[in-house]
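# Only the shape, not the letters, is given here:
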Ligand SMILES: Cc1cn([C@H]2C[C@H](O)[C@@H](COP(=O)(O)OP(=O)(O)O[C@H]3O[C@@H](C)C(=O)[C@@H](O)[C@H]3O)O2)c(=O)[nH]c1=O
């Protein structure tokens, strides 16, 4: 696998090695030791999640606060998404910066999303199956978010807003300014 730096500090794009033969493909989707060697970050992942979304579904931008902040490794099992992360660590040189990547079932890329980042994704295929590992358990009381169309972040989702399918919760997320001033 190749682990590439993104413009955001501590956030990596993971490109797994794909073995192909007449039966199909094989890949390792997680290798703790190798990942720790390349990123210098060794997490113990304790929860695996999966969501299935239809075309136009946007989930995010989400994070957990304080002691429950989660590092995530996110990937697409089926379909195609645009994945977006925002560095919300006040002491980071890339505070308030965003990064996005296309993750799909062809490139099989993964994004290593450090704790202190907000994360979201929009499904570009007729359906997506999205999977991710977290190094802290889900803690409903520590859930937080930033609105997907925040005027300061100005994320280019490259998708008509009128066609996005978004939960009530996510339509009411605060702006970056409301949270971070
Ligand atoms: C995230 C999560 C949700 N749930 C429940 C709560 C709720 O009833 C239902 C759906 O939750 P949500 O609407 O928050 O699901 P969703 O919008 O898919 O939330 C996820 O979005 C992406 C972008 C992330 O980065 C994740 O960390 C997570 O926040 O599932 C759990 O039981 N465990 C979990 O870990």
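Received it, and whenever you're ready, just let me know what you need. Just so we're clear, the structure is a prediction, and the values are computed from it rather than from any experiment.

# Quick check: phi and psi at the residue of the chain positioned farthest from its centre.
Distance from the C-alpha centroid of the chain peaks at residue 22, with 32.1 Å (Cα atoms, centre = their mean). Per-residue torsions, residue 22: phi -70, psi -20 (degrees, to the nearest 10).

# what's the distance between it and the ligand?
36 Å (Cβ to the nearest ligand atom, to the nearest Å). Backbone N, C-alpha and C define where each C-beta goes, glycine included.

# cool, residue 86 as well?
To the ligand, residue 86 is 11 Å away according to Cβ to the nearest ligand atom.

# same question, residue 159
Going from residue 159 to the ligand by Cβ to the nearest ligand atom gives 15 Å.

# Surely that residue and residue 123 touch.
No - contact between residue 159 and residue 123 fails when scored by Cβ atoms under 8 Å: they sit 9.5 Å apart.

# who's more crowded, these two?
Taking neighbours as other Cβ atoms under 10 Å, residue 159 and residue 123 compare with residue 123 leading, 26 against 15.

# What residues are bridge-paired with the more buried one?
Taking DSSP bridges as the rule, residue 123 bridges to residue 81.

# Next, the contact list for it, please.
By Cβ atoms under 8 Å, 6 or more residues apart in numbering, residue 123 lies in contact with 53-58, 79-81, 130.

# mind running it again at 6 Å?
For residue 123, the contacting residues are 53, 55, 57, 81, by Cβ atoms under 6 Å, 6 or more residues apart in numbering.

# And for residue 127?
Going by Cβ under 6 Å, 6+ apart, residue 127 touches 54, 79.

# Go again with 10 Å.
52-55, 57, 78-80 (Cβ atoms under 10 Å, 6 or more residues apart in numbering).

# near the ligand too, which of those residues?
Among the contacts of residue 127, not one lies near the ligand by Cβ under 6 Å from any ligand atom.

# which one among those residues gets closest to the ligand?
residue 53 (8.0 Å; Cβ to the nearest ligand atom).

# Report the buried members of the contacts of residue 127.
The neighbour count (16 or more other Cβ atoms under 10 Å) marks 53, 55, 57, 79-80 as buried among these.

# Tell me which entries of the residues you listed lie within strands.
Judged by DSSP state E, strands contain the following of those: 53, 80.
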